[in-house]
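[1] Let's see this in three dimensions:
(one chain, ligands or ions: 2)
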Amino acid sequence: MDGHRLWSVDEHLADVLGAVRPLEPIELQLLDAQGCVLVEDVTVPVALPPFDNSSMDGYAVRTADVQGASEEFPAVLTVIGDVAAGSGELPTVGPGEAARIMTGAPLPPGAEAVVPVEWTDGGTGGGAAAGMTPASAAPEQAGGEVRVHRAAEARAHVRARGSDVQAGDLALAAGTVLGPPQIALLAAIGRGTVRVRPRPRVVVLSTGSELVQPGEPLTAGTIYDSNSFALAAAARDAGAIAYRVGAVADDADTLRSTIEDQLIRADLLVTTGGVSVGAYDVVKEALSSVGSSSPSGSSGSGDGDGDADPDVDATRIDFRKLAMQPGKPQGFGTIGPDHTPLLALPGNPVSSYVSFELFVRPAIRALMGLPESEVRRPSVRAVLKADKALGSPAGRRQFLRGTYDAETGTVSPVGGSGSHLIAALAHADSLMVVPEDVTSVEPGTELEVVLLG
Ligand SMILES: Nc1nc2c(c(=O)[nH]1)N[C@H]1C(S)=C(S)[C@@H](COP(=O)(O)OP(=O)(O)OC[C@H]3O[C@@H](n4cnc5c(N)ncnc54)[C@H](O)[C@@H]3O)O[C@H]1N2
Ligand code: MOO
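    Numbering: from 1, shown residues only. Ligands and ions are numbered 1, 2, ... in the order given. Modelled structure (predicted):
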């Protein structure tokens with residue numbers, strides 16, 4: 001590999017996406033399938049609603065009995081009992097009769113319509129009722145008489161069987177992403193489990209002997225490990241199940257054995273730090289031999305012989321420099337016997353986060369089998385609102401942190417371009433993209449803006 005070649009952002013993303021395949025589908029409980037892509041066409045087994053039922057609390061009546069009824073000349077009906085939601089045995093409503101009925105309760109035989117309780121005296125013998133008294137408090141109101149003040153047409157306040165979906169209808173097509181409303185429908189038609197592509201299990205591992213876990217005291221020269229938190233959160237946000245592994249020291253053997261241990265639960269591995277050119281940048285060294293019976297002794301970007309122990313070929317991590325800022329040094333490849341994809345991101349906090357957004361998030365969403373339109377973050381065009389022109393390095397696609405105002409269609413920079421500026425990142429909602437051939441952006445210029453959501 002030409003060590004001096006700069007790869008474009010698009011080339012690197014294409015390589016990453018070219019190496020990930022959607023995960024094999026599995027059967028999951030409904031709530032575990034939230035956010036996942038359905039891989040089966042789900043048909044409706046029984047009509048919804050399964051039976052004609054009332055949409056109001058009131059009285060189930062025969063329409064002829066309430067024809068012409070008014071407050072002055074109410075229809076007086078004999079109450080034959082209650083029909084509550086869940087009632088199995090139903091009374092038959094004969095001429096001159098009514099049954100108290102609750103919302104969702106089956107329409108009893110003989111009844112043709114429901115009159116809401118507000119259209120009646122509620123069986124009290126007084127004026128219009130505001131509601132029903134609880135059955136436990138006034139059991140006698142399931143009997144006696146009710147005065148109905150208004151007429152009702154046939155099927156009034158009745159939700160017909162199958163008016164939502166019919167048995168045999170397609171409830172949800174394969175490819176649907178299961179959000180709360182889709183999960184509601186699946187539950188409503190009685191599905192306990194569904195076949196989906198699972199959430200990818202993403203292991204996030206930060207490297208660096210200077211890293212201390214939040215909550216612990218800092219000592220001279222140490223800083224808190226923020227990357228593993230940022231990226232584990234970003235992985236979850238992308239739809240993955242994230243496993244955060246606290247910082248690993250800059251020691252190739254420790255890193256190698258930690259990664260080997262993690263492979264068992266990883267569909268994708270993400271490391272941060274140790275990918276530039278320093279004397280302690282151990283990620284390259286460590287990744288050249290994970291899963292191999294012996295170290296390959298190279299960056300893993302070679303082709304391999306093909307005739308050696310197959311495990312020797314199992315790790316191929318390519319370390320390259322990208323024409324972007326931040327995020328120049330990157331590693332990508334597959335690792336271990338299952339050829340698990342691994343992205344080695346640079347250690348600077350903004351660099352690792354931006355790299356995650358650009359490369360890891362799409363990889364996670366491709367593993368989930370999401371449609372292409374949902375693999376990448378959406379972007380918009382917006383006009384730069386700033387006091388002065390923004391500088392950008394020649395030949396690099398720069399991603400500056402910004403706040404986007406949808407109302408005015410403008411974007412304003414937050415903080416500078418330094419890849420250590422975590423506070424500015426925390427106050428941004430978007431990335432402003434300055435193309436490779438642009439070295440200065442004047443206020444008023446239109447830019448592409450990636451919305452971080
Ligand atoms: N001579 C050169 N030096 C550097 C180059 C270069 O081309 N030539 N590239 C620079 C760029 S650009 C980047 S980005 C960094 C990438 O470095 P590494 O991936 O090796 O990362 P580290 O050296 O381990 O750390 C960089 C920086 O980030 C801090 N860091 C690391 N991990 C975390 C973490 N989990 N939480 C918070 N902060 C973290 C670390 O302390 C360093 O300050 O290399 C440049 N150097
Ligand atoms: O390219 Mo580095 O990722 O600026 O900080």
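
[2] Whichever residue of the stretch 151-300 of the chain sits closest to ligand 2: what's it in contact with?
    Closest contact between the stretch 151-300 of the chain and ligand 2, by C-beta to the nearest ligand atom, is at Ser276 (7.9 Å). From N, CA and C alone the C-beta is placed, and that goes for glycine too. By C-beta atoms under 8 Å, 6 or more residues apart in numbering, the residues touching Ser276 are Pro329, Pro346, Gly347.

[3] Give the burial count for the closest residue to Arg147 other than its chain neighbours, as a bare number.
    The shortest distance from Arg147 to any residue other than its chain neighbours is 3.8 Å, reached at Pro74 (C-beta to C-beta, 6 or more residues apart in numbering). The number of residues packed near Pro74 is 18, by other C-beta atoms under 10 Å.

[4] before we move on, the earlier item: confirm the residue of the stretch 151-300 of the chain closest to ligand 2 sits in a strand?
    No. Ser276: not assigned to a strand; according to DSSP: H, G, I helix; E, B strand; the rest coil it is coil.

[5] quick one: pLDDT of it?
    If you check Ser276, the pLDDT there is 87.

[6] Can you list the residue ranges for helices in the stretch 151-300 of the chain?
    Secondary structure of the stretch 151-300 of the chain (DSSP state H, counting those that start in this stretch): helices at 180-188, 227-238, 252-262, 282-287.

[7] Contacts (any at all) between ligand 2 and whatever helix or strand comes next after the last one?
    Going back to what we said before, that points to helix 282-287. Heading C-terminal from helix 282-287, the first helix or strand you meet, by DSSP states H and E, is strand 316-322. No. If you take C-beta under 6 Å from any ligand atom as the test, strand 316-322 misses ligand 2, and the best it gets is 8.0 Å.

[8] Tell me if strand 316-322 is near ligand 1.
    No. Strand 316-322 lies out of reach of ligand 1 by C-beta under 6 Å from any ligand atom, never closer than 7.3 Å.

[9] Which of the residues in that strand are classified as buried?
    Going by neighbour count (16 or more other C-beta atoms under 10 Å), the buried part of strand 316-322 is Arg316, Ile317, Asp318, Phe319, Arg320, Lys321, Leu322.

[10] Please state the mean pLDDT value computed over it.
    Mean pLDDT, strand 316-322: 92.

[11] pretty sure Asp281 contacts Val275?
    Yes. Here Asp281 reaches Val275: they are 6.2 Å apart, a contact under C-beta atoms under 8 Å.

[12] shared neighbours of those two, anything?
    Joint contacts of Asp281 and Val275 (C-beta under 8 Å, 6+ apart) do not exist.

[13] Which of these two has more residues huddled nearby?
    Val275 (28 against 19).

[14] and the residue lying closest to the more buried one once chain neighbours are set aside, how many residues sit next to it?
    The shortest distance from Val275 to any non-neighbouring residue, by C-beta to C-beta, 6+ apart, is to Pro329 (4.5 Å). If you count neighbours by other C-beta under 10 Å, Pro329 ends up with 23.

[15] show me what contacts the closest residue in space to Ile422 that isn't next to it in sequence?
    Nearest non-adjacent residue to Ile422, counting by C-beta to C-beta, 6+ apart: Pro349, 5.0 Å away. Counting by C-beta under 8 Å, 6+ apart, Pro349 makes contact with Ser226, Asn227, Ala230, Ser419, His420, Ile422, Leu425.

[16] low-confidence ranges in the stretch 301-450 of the chain?
    Counting by pLDDT under 70, the stretch 301-450 of the chain contains low-confidence ranges at 301-313.

[17] Point out the residues in it that sit beside ligand 2.
    Within reach of ligand 2 by C-beta under 6 Å from any ligand atom, the stretch 301-450 of the chain has these residues: Gln325, Pro326, Gly327, Lys328, Pro346, Asn348, Ser351, Ser419.

[18] quick one on the thing from earlier: I'd like the distance between the residue nearest to Arg147 and Ile189.
    From Pro74 over to Ile189 the distance is 41 Å, taken as C-beta to C-beta, to the nearest Å.

[19] can you check Gly81 too?
    31 Å.

[20] circling back: deepest-packed of the helices of the stretch 151-300 of the chain, please.
    Highest mean neighbour count of the helices of the stretch 151-300 of the chain: helix 282-287, a mean of 25 (counted as mean count of other C-beta atoms under 10 Å).

[21] and it, what other elements does it pack with?
    helix 252-262, strand 316-322, strand 329-335, strand 340-345 (3 or more C-beta pairs under 8 Å, 6 or more residues apart in numbering; DSSP states H and E).

[22] any bit of it sitting next to ligand 1?
    No. Helix 282-287 does not reach ligand 1 (C-beta under 6 Å from any ligand atom); its nearest approach is 7.3 Å.

[23] just the CA coordinates of that helix, formatted as PDB?
    In PDB, the C-alpha atoms belonging to helix 282-287 read as follows (Å, rounded to 0.1, in the frame of the first residue of the first chain):
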ATOM      1  CA  VAL A 282      -0.100   0.200  19.600                       C
ATOM      2  CA  VAL A 283      -3.400  -0.400  17.800                       C
ATOM      3  CA  LYS A 284      -1.700  -1.100  14.500                       C
ATOM      4  CA  GLU A 285       0.800  -3.400  16.100                       C
ATOM      5  CA  ALA A 286      -1.800  -5.300  18.100                       C
ATOM      6  CA  LEU A 287      -4.300  -5.700  15.300                       C
END
